[in-house]
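1. here is my input; please provide its structure:
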Amino acid sequence: MMTTPNPFDLSGKIAAVTGASRGIGQAIAELLAAQGAHVIVSSRKPEDCQKVVDAIQSAGGSAEAIGCHIGEMDQIGAFFQAIEEKHGRLNILVNNAATNPYFGPIVDTDLDAFQKTVDVNIRGYFFMSANGAKLMAKNGGGAIVNVASVNGVIPGPLQGIYSITKAAVISMTHAFAKECAPMGVRVNALLPGATDTRFAAALVKNPAILKQALAHIPANRVAQPEEMAGAVLYLVSSAASYTTGACLPVDGGYLLV
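-> Now for the predicted structure:
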C-alpha cells in the first residue's frame, strides 16, 4: 500500500521564531519542533528562551536559544549572522515578537510609546523579513509568517498606535509576498484574535473589558496560545506551497461581526 507523505513534516528544516519565550511564540516554537524542525527560540531575554528550549528538548525535539531584540538594528544583523555561521541556511521565520507599551486614548500617545511601537512592530518586522528572505533565497527559498492582529483590520479600542502598526504588518506581508515569490520565499500573516497571554492581560484579565470584547466574538471566548500554532504550521509547511500573501484570521469569528 502506497503511503502519502505528511505535508506537515518539518524534518530537516531550520526555523526561527521571535518572541518565543512565552505565549503564542512559545506555542509556535513547540509545535514546529514537534513536527521535526530544529527551532531557534528567540526573544529579548535569552535566559527565558532557554527554558523553552529545555522543554522542547525534554519532549524529544531539537532547539537552541539565540537572543534578539528586534527593535535594535545591530541585534537583527547579529541574529542572522549567527544563524548563517552555524547552520548555513534558514527555512522558516516566524516574526512574532511585538510590543504594545501604551493602552489609552490615541490622542494622548506620547512620542516614546509611538517610537517604540513603530521600531519593533514595523521596522523590526521589515528588516527581520528582509534579512530572512535573503538568507532563504541563497538555499532555494523558504517561508515567512508575520504575526499581525485582527486589530490591523479593525483598530482595537485604546490600542491606536499598536493597531496602526499591525495594519502596516498586513500591508508589509503583501509587499514582501509579491516581491519575494520569484525568490522561492513565501510570506504570509497570522491575524490572531483575543488570546489569553500576558501580552493581552489588559483585555483578558479585566472582567469589564473582557465582557465587552466577548460580545463581538461569535465563539464567545478568548483563544489559548496553542490555538494559533496550527495555522502557522500550515503556512510554513508544504501543504501551503502555493499560498503566499495570505492573511489568515484565527479569531473565533470576530472579523465576521
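
2. what does the longest helix along the chain contact?
-> Using DSSP state H to define each element, the chain has its longest helix at helix 160-180. For helix 160-180, contacts defined as Cβ atoms under 8 Å, 6 or more residues apart in numbering pick out 98, 100, 102, 105-106, 109, 113-114, 117-118, 121-122, 125-126, 129, 133, 137, 144, 146-149, 151-153, 155-156, 185-189, 191, 244-245, 247. Just so you know, the C-beta spots here come from the backbone N, C-alpha and C atoms, and that holds for glycine as well.

3. name the residues of that helix that are buried.
-> With burial defined by 16 or more other Cβ atoms under 10 Å, the residues of helix 160-180 counted as buried are 160-170, 172-174, 176-177, 180.

4. and if you look at stretch 107-121?
-> Those buried within stretch 107-121 under the rule 16+ other Cβ under 10 Å are 109, 113-114, 116-121.

5. so which of the residues you listed are in helices?
-> The subset of the buried residues of stretch 107-121 that ends up in helices is 113-114, 116-118, with DSSP H as the criterion.

6. which one of the residues you listed is nearest residue 217?
-> Taking Cβ to Cβ as the measure, residue 117 is the one of those closest to residue 217, at 24.5 Å.

7. name the nearest residue to that closest one, sequence neighbours excluded.
-> Closest residue to residue 117 apart from its sequence neighbours, by Cβ to Cβ, 6 or more residues apart in numbering: residue 161 at 4.9 Å.

8. ok, back up a step: just the buried residues of the contacts of helix 160-180.
-> Burial by neighbour count, judged by 16+ other Cβ under 10 Å, picks out 98, 100, 102, 109, 113-114, 117-118, 121-122, 125-126, 129, 133, 144, 146-149, 151-153, 155-156, 185-189, 191, 244-245, 247 from the contacts of helix 160-180.

9. of the residues you listed, which belong to strands?
-> 144, 146-147, 185-189, 191, 247 (DSSP state E).

10. list the buried ones in stretch 239-249?
-> By neighbour count, and taking 16+ other Cβ under 10 Å as the criterion, the buried residues in stretch 239-249 are 240, 244-249.

11. need these in TSV (columns: distance to residue 18).
-> Converted to TSV, the buried residues of stretch 239-249 look like this (distance: Cβ to Cβ, whole Å):
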residue	distance to residue 18
240	20
244	20
245	21
246	20
247	18
248	18
249	21
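
12. turn those into CSV, columns for pLDDT.
-> Conversion of these to CSV gives the following (pLDDT from 0 to 100):
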residue, pLDDT
240, 98
244, 98
245, 98
246, 98
247, 98
248, 98
249, 98
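
13. residue closest to the middle of this structure?
-> residue 96 (2.7 Å; Cα atoms, centre = their mean).
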